[in-house]
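Trainee: let's see this in three dimensions:
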Amino acid sequence: MHQVEAMRPIAAACADAPRKMLRLLDEAATEHVAHVYPEFEQIHDAVHVRITGLPVDDSIRDLRTWHLGNLIKVRGVVTRRSGVFPQLSVITWDCGRCGTKMGPFVSQGEDEEALKPKQCVSCQAKGPFTVSATESVYQNYQKLTLQETPGSVPAGRLPRHKEVILLHDLIDVARPGEEVEITGIYCSGYDSHLNARNGFPVFSTHIEANYVSKATDAWNAYKLTDEDRNKILKLGGDARIGVKITKSIAPSIYGHDSIKMALALALFSGVEKQPTDSHRLRGDINVLLLGDPGTAKSQFLKYVEKTATRAVYTTGKGASAVGLTAGVHKDPVTKEWTLEGGALVLADKGVCLIDEFDKMNDQDRVSIHEAMEQQSISISKAGIVAQLQARCSVIAAANPTEGRYDPSRTFAENINLSDPILSRFDVLCVVRDIVDPVQDQRLAEFVVGSHAASHPEAVEEAEAAAEEAAANGQRQQQQNNKDPDILDQDTLRKYITYAKQQYKPAMSQTEFGSLQQVYARLRKESYRSGGLPIAVRHLESMIRMSEAHARMHLRDRVTQEDVNVAIRVMVESFISTQKYSQQRELQRQLRQFIVTGADFHQLLLHLLRELVREERNNMRLLGQMDDEIQIPTRCLEDKAREINITDCADFYSSNTFMGAGFMLDRSARTIVYSN
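Mentor: Below you'll find the model as predicted:
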């Protein structure tokens with residue numbers, strides 16, 4: 001208790017007079033470390049104290065004159081990083097007339113001219129004075145440009161930025177594109193350019209960083225608590241974890257299970273391989289969403305942006321080739337040409353999301369060919385020849401050329417994209433807005449329920465009910481409209497981060513055999529149907545998806561179940577890109593690959609909805625429009641036998657059957673659906 005009381009004045013002094021206090025703390029820490037470890041001076045000549053956990057959060061937009069000289073904490077995104085330059089730390093001056101050395105003068109952030117002597121102490125001359133290169137001490141210096149996070153910018157305003165200075169061991173601690181939290185001293189300095197422009201004394205401001213914390217560090221495996229690890233391992237041991245993660249991807253969007261599975265596999269990604277120094281195989285999974293307007297494609301991208309630990313979101317019309325890859329700019333400090341990374345470079349080891357992919361110019365779209373396969377960007381501009389890393393998954397969304405998807409045409413005919421770029425996408429998802437009364441009613445109920453539950457008054461009532469139940473010592477029961485399988489976003493993000501860092505599943509020769517068989521079969525069907533060509537890249541795509549599914553279940557080995565899921569996703573992606581006249585034939589020929597690893601209840605529900613749709617069409621042709629539709633159970637059981645499902649009793653009593661609005665009349669042996 002006495003230590004806490006004694007540290008309070010020190011904490012207050014650090015906030016109000018940080019420069020003096022940090023200098024004293026650095027000296028005390030250096031003396032203590034030298035006393036405990038006498039040989040430490042041979043490694044580092046000084047120890048620096050870092051301040052963390054400052055209780056006050058400031059915004060770049062809210063910094064004012066009363067913050068000058070105080071300790072502040074701001075959050076933002078690094079947009080530019082300069083090189084490392086030597087800065088004078090201890091200055092010694094030489095007199096140009098008599099050669100007398102003056103100093104040393106310790107710099108505390110002042111300009112070099114501020115420490116320059118007025119006259120020589122020996123000959124009383126007023127100059128010239130030069131810096132002694134041998135007697136002066138230099139320190140590392142780097143400058144960052146910190147910009148406000150996009151979510152914190154008020155509506156209709158432009159994001160503001162602030163210069164941040166890094167010294168000593170903080171050099172290269174953050175890269176452009178990373179969201180960081182910086183604790184440092186808010187300083188002012190004389191800027192001659194501002195004075196020449198404004199005609200009166202104006203001071204520039206910057207932040208001298210003391211501690212830099214990355215936003216992604218909170219999700220790293222070494223930052224997880226034991227409670228988090230136990231929870232993650234418990235979830236990984238659940239046999240239904242794949243279904244739970246799929247449901248947790250954009251839970252506010254109804255249906256689209258195939259898209260959610262593809263996005264989940266892209267978030268987990270496969271294992272990167274590098275057989276030789278010159279050859280590298282990517283592990284990231286690229287996904288393309290193509291579909292009708294109003295099918296929540298952009299909402300899927302926005303959810304992935306909030307879930308992935310490192311994500312960059314851009315649109316096709318607002319992005320150029322330079323904005324996606326890299327550009328050459330003149331550095332304001334050194335006036336030299338420097339490289340500045342684009343969206344794909346900033347998303348390194350993360351996810352790059354491109355909306356309105358079809359609106360991009362052809363020249364701009366060609367620039368990302370290398371980034372999507374080799375995951376590098378080669379630059380040769382302004383005398384700079386370099387190769388930048390772009391190891392990221394690309395998830396793009398596009399609209400068909402005619403506005404809506406035409407099932408009588410192939411996938412390539414519906415979108416104005418070339419075969420080279422289409423082959424670089426591992427999964428192609430077609431989202432169609434089909435008129436289905438059964439599905440439309442379920443969708444309407446889901447949307448209306450979501451809006452009602454998200455209303456501010458409903459949220460307040462739910463919180464009040466939870467507080468009342470907690471005060472009475474009662475356990476609040478879950479609402480009927482909330483699925484217990486859905487994981488919250490923080491848990492899902494921690495689970496994905498832990499799986500990617502701790503597990504690198506390997507595949508045995510047995511699983512390779514089934515993949516080779518499917519690849520040969522798809523090549524044959526692709527040549528016969530004349531649709532989307534199947535290349536060797538698609539075989540590698542199935543391997544990557546198998547590894548991603550194994551990661552999803554926290555496994556070190558790829559099992560046959562993982563391979564079956566990857567095959568099913570690839571076959572469904574291949575069938576969806578064909579003409580409607582050929583889809584039924586392909587579904588019948590490749591049925592064995594589609595059924596494997598799927599949820600039988602979902603398959604039976606899909607067959608039942610097809611029967612309801614056919615019965616409704618027959619009633620419309622006969623002029624009979626009843627609100628109640630009856631389907632004989634033998635019709636469903638006959639279709640189930642075609643896909644090797646012999647028992648439907650569990651399906652009739654499941655929540656999937658009753659939740660879809662169906663009832664079983666056992667006496668009449670019919671399935672009843674009411675509008």
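Trainee: report the secondary structure state of residue 434.
Mentor: Classification of residue 434 by DSSP: H, G, I helix; E, B strand; the rest coil places it in coil.
Trainee: so who does it touch?
Mentor: For residue 434, the contact set (Cβ atoms under 8 Å, 6 or more residues apart in numbering) is empty. Any C-beta I mention is one placed from the backbone N, CA and C, and that applies to glycine too.
Trainee: roughly how far does it sit from residue 486?
Mentor: 25 Å (Cβ to Cβ, to the nearest Å).
Trainee: one more: residue 662?
Mentor: Separation of residue 662 from residue 486 (Cβ to Cβ) stands at 23 Å.
Trainee: compare the two (neighbour count), which wins?
Mentor: The residue with more neighbours, out of residue 662 and residue 486 and counting by other Cβ atoms under 10 Å, is residue 662; that gives 21 against 14.
Trainee: what are the bridge partners for that one, then?
Mentor: Beta-bridge pairing of residue 662, defined through DSSP bridges, involves residue 673.
Trainee: test my guess that it contacts residue 672.
Mentor: Yes. Here residue 662 reaches residue 672: they are 7.1 Å apart, a contact under Cβ atoms under 8 Å.
Trainee: where does the stretch 351-500 of the chain have low pLDDT?
Mentor: In the predicted model of the stretch 351-500 of the chain, residues 382, 436, 438-440, 443, 450, 453-484 satisfy pLDDT under 70.
Trainee: hey, where'd the strands end up in it?
Mentor: For the stretch 351-500 of the chain, the strands defined by DSSP state E, counting those that start in this stretch cover 351-355, 376-381, 384-389, 393-398, 427-431.
Trainee: go through those strands and name the closest to residue 624.
Mentor: Distance to residue 624, taken as Cβ to Cβ, is lowest for strand 427-431 among the strands of the stretch 351-500 of the chain, at 32.8 Å.
Trainee: quick check: which helices or strands does that closest one pack against?
Mentor: Here strand 427-431 touches helix 257-268, strand 287-291, helix 560-576, going by 3 or more Cβ pairs under 8 Å, 6 or more residues apart in numbering; DSSP states H and E.
Trainee: mean pLDDT, mean neighbour count and distance to residue 345 added to those, as CSV?
Mentor: Putting the helices and strands packed on strand 427-431 into CSV (pLDDT from 0 to 100; neighbours: other Cβ atoms under 10 Å; distance: least, Cβ to Cβ, whole Å) gives the following:
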stretch, mean pLDDT, mean neighbour count, distance to residue 345
helix 257-268, 86, 23, 19
strand 287-291, 86, 25, 20
helix 560-576, 82, 23, 28
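Trainee: redo these as CSV? Include distance to residue 208.
Mentor: Shown next, in CSV, are the helices and strands packed on strand 427-431 (distance: least, Cβ to Cβ, whole Å):
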stretch, distance to residue 208
helix 257-268, 38
strand 287-291, 43
helix 560-576, 51
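Trainee: so which of those comes closest to residue 496?
Mentor: helix 257-268 (5.4 Å).
Trainee: roughly how far is that closest one from the heart of the chain?
Mentor: Counting by Cα atoms, centre = their mean, to the nearest Å, helix 257-268 is centred 13 Å from the centre of its parent chain.
Trainee: angle of it against strand 287-291?
Mentor: 150 degrees (axes from the mean of the first three to the mean of the last three Cα atoms, to 10 degrees).
Trainee: helix 257-268 packs against which elements?
Mentor: Packing partners of helix 257-268 (3+ Cβ pairs under 8 Å, 6+ apart): helix 241-248, strand 287-291, helix 297-307, strand 393-398, strand 427-431, helix 489-502, helix 536-552, helix 560-576.
Trainee: which of these sits closest to residue 256?
Mentor: Closest to residue 256 of those, according to Cβ to Cβ: strand 427-431, at 6.8 Å.
Trainee: correct me, but residue 117 touches residue 102?
Mentor: Yes. Using Cβ under 8 Å, residue 117 makes contact with residue 102 at a distance of 5.3 Å.
Trainee: now do the shared contacts for those two.
Mentor: Both residue 117 and residue 102 are contacted by 93, 129, under the criterion Cβ under 8 Å, 6+ apart.
Trainee: when the two are compared, which one has more neighbours?
Mentor: Neighbour totals were compared for residue 117 and residue 102, and residue 102 leads with 18 against 14 (other Cβ under 10 Å).
Trainee: quick one: pLDDT of that one?
Mentor: At residue 102, the predicted lDDT confidence score is 76.
Trainee: okay, and the beta partners of it?
Mentor: residue 93.
Trainee: what sits against it?
Mentor: Contacts of residue 102 by Cβ under 8 Å, 6+ apart are 92-95, 117, 120-121, 129.
Trainee: hey, which helix is longest across the chain?
Mentor: Once the chain is assigned using DSSP state H, the helix that runs over the most residues is helix 600-622.
Trainee: for the stretch 201-350 of the chain, which spans come out with low pLDDT?
Mentor: Using pLDDT under 70, the flagged stretches of the stretch 201-350 of the chain are 201, 216-223, 277-278, 318-323, 331-334, 341.
Trainee: same thing but at 50, please
Mentor: Applying pLDDT under 50 to the stretch 201-350 of the chain flags residues 221-222.
Trainee: the helices in it, which residues?
Mentor: When secondary structure is read from DSSP state H, counting those that start in this stretch, the stretch 201-350 of the chain shows helices at 226-236, 241-248, 257-268, 297-307, 321-324, 343-346.
Trainee: was I right to think residue 270 contacts residue 547?
Mentor: Yes. Residue 270 is in contact with residue 547 according to Cβ under 8 Å; the separation is 4.0 Å.
Trainee: so what sits against both of the two?
Mentor: Taking Cβ under 8 Å, 6+ apart as the criterion, residue 270 and residue 547 both touch residue 283.
Trainee: find the nearest non-adjacent residue to residue 601, please.
Mentor: Closest residue in space to residue 601, ignoring its immediate chain neighbours: residue 656 at 4.4 Å, by Cβ to Cβ, 6 or more residues apart in numbering.
Trainee: for residue 541, same thing?
Mentor: residue 426 (3.7 Å).
Trainee: the one you found: neighbour count?
Mentor: Residue 426: 29 surrounding residues under other Cβ under 10 Å.
Trainee: ok, now which ones touch it?
Mentor: Applying Cβ under 8 Å, 6+ apart, the residues contacting residue 426 are 285-287, 537-538, 541, 544-545.
Trainee: distance of the nearest residue to residue 130 once chain neighbours are set aside from residue 170?
Mentor: Excluding its sequence neighbours, the residue lying closest to residue 130 (Cβ to Cβ, 6+ apart) is residue 94, at 5.1 Å. Distance from residue 94 to residue 170, counting by Cβ to Cβ: 31 Å.
Trainee: could you pull out the strands for the stretch 51-200 of the chain?
Mentor: Secondary structure of the stretch 51-200 of the chain (DSSP E, counting those that start in this stretch): strands at 71-81, 85-95, 101-106, 129-131, 137-147, 161-167, 179-190.
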